[in-house]
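Colleague: 3D, please:
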Amino acid sequence: VARRLAGFGARILFSDPDPARSFAGAERRELATLLSDSDIVCLHAPLDIETRGLINRDSLASMRSGAFLVNAARGPLVDEIALVEALTSGRLRGAALDVYESEPLAADSPLRSLESVFLSPHIGGGTIEAEARLLEVVGENLLRVLNSEPPVNIVNDVVVRSNR
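Modeller: Numbers count the residues shown, from 1 in each chain. Purely as a prediction, here's the structure:
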């Protein structure tokens, strides 16, 4: 996303708990600063204990008035009740959601009736390149586990034990 937006001359800010992570042309910010300084906040984070409810009433209130929220990561990163409140009050101008707290999104969800919300059915990452990369990662992890090594990208404290 950062690489694509840079082509439009956008100023790219990011927040990440990993101090080693960086993105070409992007400026690192603490999350609170990123939220208050951004016109568009796009989420790309794993779901874990620290990120569940990351975007809640307080974080939505700290966002720039009229900002947009994009969730292309995991639904439970966003408190949907608080999001609906921020959208209906006019605090946020809009949201684009590819993921939801509960999937599929309930037929009676208030998100479905808001004109300022774009909804997609959890297919935003469904590109040929993403599918190919997913298969590579699965294959690499399978080989690692078979060799009694931990898989990469563990986000839920799984412990791998060898049966050999």
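Colleague: relative to Arg28, how far out is Leu43?
Modeller: 16 Å (C-beta to C-beta, to the nearest Å). The C-beta positions use only the backbone N, C-alpha and C, and glycine is treated the same way.
Colleague: to clarify, my last question referred to Thr127.
Modeller: Going from Thr127 to Arg28 by C-beta to C-beta gives 27 Å.
Colleague: more crowded one of Leu43 and Arg28?
Modeller: Leu43 (18 against 14; other C-beta atoms under 10 Å).
Colleague: okay, and the beta partners of that one?
Modeller: Beta-bridge pairing for Leu43 (DSSP bridges): Asn71.
Colleague: when you give positions from now on, start the count at 21
Modeller: Happy to do that; since the first residue is 21 now, the last one works out to Leu63.
Colleague: list the contacts of it.
Modeller: Leu63 makes contacts with Leu74, Ile75, Leu89, Val90, Asn91, Ala92, Ala93, Leu97, Val98, as judged by C-beta atoms under 8 Å, 6 or more residues apart in numbering.
Colleague: check Ala115 too.
Modeller: Phe88, Leu89, Val90, Asn91, Leu103, Leu107, Leu131, Ser136, Val137, Phe138.
Colleague: could you do Arg132 as well?
Modeller: With C-beta under 8 Å, 6+ apart, Arg132 has these contacts: Leu125, Leu139.
Colleague: biggest helix in the protein by residues?
Modeller: helix 148-166 (DSSP state H).
Colleague: give me the contacts around that one.
Modeller: Helix 148-166 is contacted from outside by Pro170, Pro171, Val172, Asn173, Val180, using C-beta under 8 Å, 6+ apart.
Colleague: tell me the one among those nearest to Ala26.
Modeller: For the contacts of helix 148-166, the minimum distance to Ala26 (C-beta to C-beta) is 25.1 Å, reached by Asn173.
Colleague: what's the closest non-adjacent residue to that closest one?
Modeller: Using C-beta to C-beta, 6 or more residues apart in numbering and skipping the chain neighbours, the partner closest in space to Asn173 is Val157 (7.3 Å).
Colleague: number of nearby residues for the one you found?
Modeller: Using other C-beta under 10 Å, Val157 is surrounded by 13 other residues.
Colleague: likewise the one 3 residues further on?
Modeller: Applying other C-beta under 10 Å, we find 13 other residues in the vicinity of Glu160.
Colleague: try Thr147
Modeller: Residues near Thr147, counting by other C-beta under 10 Å: 10.
Colleague: ok, now which ones touch it?
Modeller: The contact partners of Thr147, by C-beta under 8 Å, 6+ apart, come to none.
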